[in-house]
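Trainee: kindly return the folded structure for what I paste below:
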Amino acid sequence: MKKTLYTLGSIVLAFMMLSCEDIYEGGNMDREPMTVQMKASILPFDSAFPEKWKGGEEVGMFMYSSSDAEGMSSAACLRLTADAEGVLSPAGQDVMPQYPSDASKVNFVCFYPYSASAAESKTLALDVSSDEKAVLSDYLYSDNARNKYPSLSPVKLQMKHVLSLVRFEISAAEEVPADALEGLNPQLEGVPVQGVFSLSGGCMASSGEPSSIAMKTDGQIAESLLMPVASSVTVRCDIDGLPFRKKLGSLNFESGKLYIFDLHVTRPGFDISLREIEDWKVERFD
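Mentor: Numbering: from 1, shown residues only. Here you go, the predicted structure:
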């Protein structure tokens with residue numbers, strides 16, 4: 001009986017060793033290479049108005065070993081194209097990469113739109129000093145796909161905006177005429193307008209001196225893209241041709257979040273208060 005148990009135990013132990021080898025060492029090294037498949041979704045500023053791919057957008061993708069002590073420093077950037085469903089495929093002469101043959105874990109970091117300078121420097125140069133420059137700096141970024149084993153299932157990327165969005169919803173007292181709101185000219189003062197976003201670390205560093213940003217407005221809604229950093233904000237509005245200011249204090253703006261304020265115009269001056277922050281949870285499909 002003891003011999004039988006010993007033999008059975010040996011078989012179980014051998015099976016466990018083979019299983020461990022298959023999981024941690026890759027098992028059979030002669031197996032067929034496995035090509036990476038990817039699908040990306042966009043996390044919007046406002047969840048009530050989801051953003052979708054139109055098809056043809058070019059995405060930059062870095063793939064590197066999870067155990068790489070230097071992270072992305074030695075990784076090359078691959079240029080991919082998204083279809084209307086977010087499925088990514090090679091752009092131009094590129095081909096999709098293959099998982100390591102030893103089944104080790106890998107990380108994926110992606111950004112959109114693709115640019116050669118960002119691919120080389122592994123950083124995004126941001127400038128929100130004007131509406132035109134801010135639109136060009138409105139990058140999407142994903143680092144949720146980490147520690148991925150080789151799989152036949154697509155890697156699910158969740159891309160979110162690097163910048164923050166501030167929105168004022170404007171109302172007025174009865175004695176304030178509609179044309180007064182058209183000349184409101186809302187501005188954000190004392191905010192950083194330039195900076196560099198690290199793709200490898202997912203962090204922001206502002207550069208230059210704080211400045212003012214003129215918000216885009218139609219008299220009912222005012223919006224502006226902002227750097228995702230902490231800053232002490234002052235709001236300026238012109239009422240009856242005179243400038244009025246309100247301090248919002250220090251706010252920590254975060255990437256991909258929408259900050260909604262209520263701005264109520266009176267005579268003279270205005271009141272402003274934070275109503276809500278639109279947010280979402282980033283799921284890390286581990």
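Trainee: the closest residue to residue 217 other than its chain neighbours: how many residues sit nearby?
Mentor: Spatial nearest neighbour of residue 217, chain neighbours left out: residue 186 (5.8 Å); criterion: CB to CB, 6 or more residues apart in numbering. Heads up, the C-betas are built off the backbone N, CA and C, glycines and all. By the criterion of other CB atoms under 10 Å, residue 186 has 24 neighbours.
Trainee: tell me the pLDDT of residue 186.
Mentor: Residue 186 carries a pLDDT value of 97.
Trainee: before we move on, what about residue 24?
Mentor: We note a pLDDT of 43 for residue 24 in this prediction.
Trainee: so what sits opposite residue 160 in the bridge?
Mentor: Under DSSP bridges, the beta-bridge partners of residue 160 are residue 43, residue 141.
Trainee: pLDDT wise, what is it at?
Mentor: As predicted, residue 160 sits at a pLDDT of 94.
Trainee: check the gap between it and residue 112 for me.
Mentor: Taking CB to CB, to the nearest Å as the measure, residue 160 falls 11 Å from residue 112.
Trainee: likewise residue 73?
Mentor: Plainly put, residue 73 is 22 Å away from residue 112 if you go by CB to CB.
Trainee: same thing with residue 57?
Mentor: 6 Å.
Trainee: so what sits against both of those two?
Mentor: Common neighbours of residue 57 and residue 112, counting by CB atoms under 8 Å, 6 or more residues apart in numbering, are residue 82.
Trainee: for the record, mean pLDDT for stretch 52-68?
Mentor: The average pLDDT within stretch 52-68 is 94.
Trainee: distance between the ends of that stretch?
Mentor: One end of stretch 52-68 sits 33 Å from the other (CA to CA, to the nearest Å).
Trainee: backbone phi and psi for the residue nearest to residue 217, please?
Mentor: Phi and psi for residue 186, reported as degrees, to the nearest 10, are phi -70, psi 140.
Trainee: ok, now residue 72?
Mentor: Dihedral angles (degrees, to the nearest 10) for residue 72: phi -80, psi 0.
Trainee: need the contact list for it.
Mentor: Residues near residue 72 by CB under 8 Å, 6+ apart: 62, 64, 109, 122, 199, 200.
Trainee: and what of residue 156?
Mentor: 39, 40, 41, 144, 145, 285.
Trainee: from memory the fifth one sits against residue 105, does it?
Mentor: No. In this structure, residue 145 is not within contact of residue 105 by CB atoms under 8 Å, at 10.9 Å.
Trainee: of those two, who's got more company?
Mentor: Neighbour count, other CB under 10 Å: between residue 145 and residue 105, residue 145 has more, with 22 against 15.
Trainee: for the more buried one, which non-adjacent residue is spatially closest?
Mentor: Spatial nearest neighbour of residue 145, excluding adjacent residues (CB to CB, 6+ apart): residue 108 at 4.1 Å.
Trainee: contact partners for that neighbour?
Mentor: 38, 61, 62, 63, 142, 145, 146, 148, 155, 157 are the contacts of residue 108 under CB under 8 Å, 6+ apart.
Trainee: phi, psi of residue 121?
Mentor: phi -80, psi -20.
Trainee: that one - how many residues pack around it?
Mentor: Residue 121, neighbours per other CB under 10 Å, totals 13.
Trainee: separation between the spatially closest residue to residue 252 that is not a sequence neighbour and residue 76?
Mentor: Nearest residue to residue 252 in three dimensions, chain neighbours excluded: residue 230, at 4.5 Å (CB to CB, 6+ apart). Applying CB to CB, the value for residue 230 to residue 76 is 34 Å.
Trainee: what does residue 106 give?
Mentor: When distance is defined by CB to CB, residue 106 is 13 Å away from residue 76.
Trainee: how about low-confidence regions in this protein?
Mentor: Counting by pLDDT under 70, the chain shows low-confidence ranges at 1-31, 280-286.
Trainee: so what secondary structure elements neighbour the helix or strand harbouring residue 223?
Mentor: Here residue 223 sits within strand 221-226, counting by DSSP states H and E. Helices and strands touching strand 221-226, as assessed by 3 or more CB pairs under 8 Å, 6 or more residues apart in numbering; DSSP states H and E, comprise helix 131-136, strand 164-172, strand 187-191, strand 211-214, strand 216-217.
Trainee: any chance of those in TSV, with mean neighbour count and distance to residue 266 too?
Mentor: Converted to TSV, the helices and strands packed on strand 221-226 look like this (neighbours: other CB atoms under 10 Å; distance: least, CB to CB, whole Å):
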stretch	mean neighbour count	distance to residue 266
helix 131-136	14	27
strand 164-172	20	8
strand 187-191	20	18
strand 211-214	16	22
strand 216-217	16	18
